[in-house]
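Visitor: Sequence and predicted structure are below.
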Amino acid sequence: NKVKLATIMNQQGQGIDMPTGWEQKVREAMNERKRQHDLTNQRRHEMAKKKDTSIGSLDENADILVQVYRFNQLTNPSIRFKLMTNAHQLEMKGCCLRDQDDGPGIIVLLTTKEKSMKFMNRLILNRLPWKDSFTLKNSNIPIDMSGNSIEMVWSGQVTQQEYSRFPRRWFMRVCHGENDIKNVLNQFQAEHYYKV
């Protein structure tokens, strides 16, 4: 709620010898508060705009690297969390699509930064415990992951046009069958990744 000058004057104005001078001080304080508020808002807008343009922004001469992985299951929430967190921190584009919670799926990573791609490749193939069994927190049901696997099925470069078709931020989605996965990829004209 906005504080009106008249309200302040009525509440605190009794017993003041020079109400005109006091009103001026109140007005100055209100104006200063509004100025500070506007400055803070302007800074916030500039920071948001800067962040928005940095994610997914592209140097015209940069090589666009792509890696595609296929996995049997992505049931472990810890692996999903690490994938999402690292992909966002490294400002990757692409997606992770899986058939239900316990079905096979695909990971597509796009970036212009070779160092980021190498990091994600090591994370996915070497550091994440794809075959480690775990226990569901809510139900204490043990989940056997010994038959799980992941492999890189394609690595290469693509055009800027293909890169720009994907959303700004890497995302994960649970799909309902193989056709649903293909339909999501088809939105970015990237269904061919599912066939590699």
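Guide: Thanks, I have it. Everything quoted here is computed from the prediction, not taken from an experiment. Residues are numbered from 1 along each chain as shown.

Visitor: show me where pLDDT drops low in the protein?
Guide: Applying pLDDT under 70 to the chain picks out residues 1-19, 22, 49-61.

Visitor: Run through the residues that contact the residue nearest to Met92 when sequence neighbours are not counted.
Guide: Sequence neighbours aside, Trp170 is the residue nearest to Met92 in space, at 4.5 Å (criterion: C-beta to C-beta, 6 or more residues apart in numbering). Where you see a C-beta, it was placed from the backbone N, CA and C, and this is true even at glycine. By C-beta atoms under 8 Å, 6 or more residues apart in numbering, Trp170 lies in contact with 84, 87-88, 92-96, 109.

Visitor: Trp170 and Ile106, how far apart?
Guide: Plainly put, Trp170 is 13 Å away from Ile106 if you go by C-beta to C-beta, to the nearest Å.

Visitor: what do these two both touch?
Guide: Going by C-beta under 8 Å, 6+ apart, residues that sit against Trp170 and also against Ile106 are Cys96.

Visitor: Tell me the buried residues in stretch 169-182?
Guide: 170-172, 175, 181-182 (16 or more other C-beta atoms under 10 Å).

Visitor: Just the residues you listed: which are in strands?
Guide: Of the positions in the buried residues of stretch 169-182, 171-172, 175 sit in strands, assigned by DSSP state E.

Visitor: would a markdown table of those residues with distance to His192 be doable?
Guide: Listed next are these as a markdown table, based on distance: C-beta to C-beta, whole Å:
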| residue | distance to His192 |
| --- | --- |
| Phe171 | 19 |
| Met172 | 20 |
| Cys175 | 17 |
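
Visitor: which one of these is nearest Arg33?
Guide: Closest to Arg33 out of these is Phe171 (40.7 Å), distances taken as C-beta to C-beta.

Visitor: what's the burial count for Arg43?
Guide: 10 (other C-beta atoms under 10 Å).

Visitor: Give me the secondary structure label for it.
Guide: Under DSSP: H, G, I helix; E, B strand; the rest coil, Arg43 falls in the helix class.

Visitor: quick revisit: do you know how far the residue nearest to Met92 is from Glu178?
Guide: From Trp170 to Glu178 the distance is 21 Å (C-beta to C-beta).

Visitor: What of Lys113?
Guide: 31 Å.

Visitor: For the chain, just list every one of the helices.
Guide: 5-12, 19-54, 77-89, 114-122, 160-165, 178-187, 192-195 (DSSP state H).

Visitor: Other residues contacting the third one?
Guide: When contacts are taken as C-beta under 8 Å, 6+ apart, the neighbours of helix 77-89 outside the stretch itself are 74, 94, 96, 107, 109, 119-120, 123-124, 128-130, 134, 169-170, 172.
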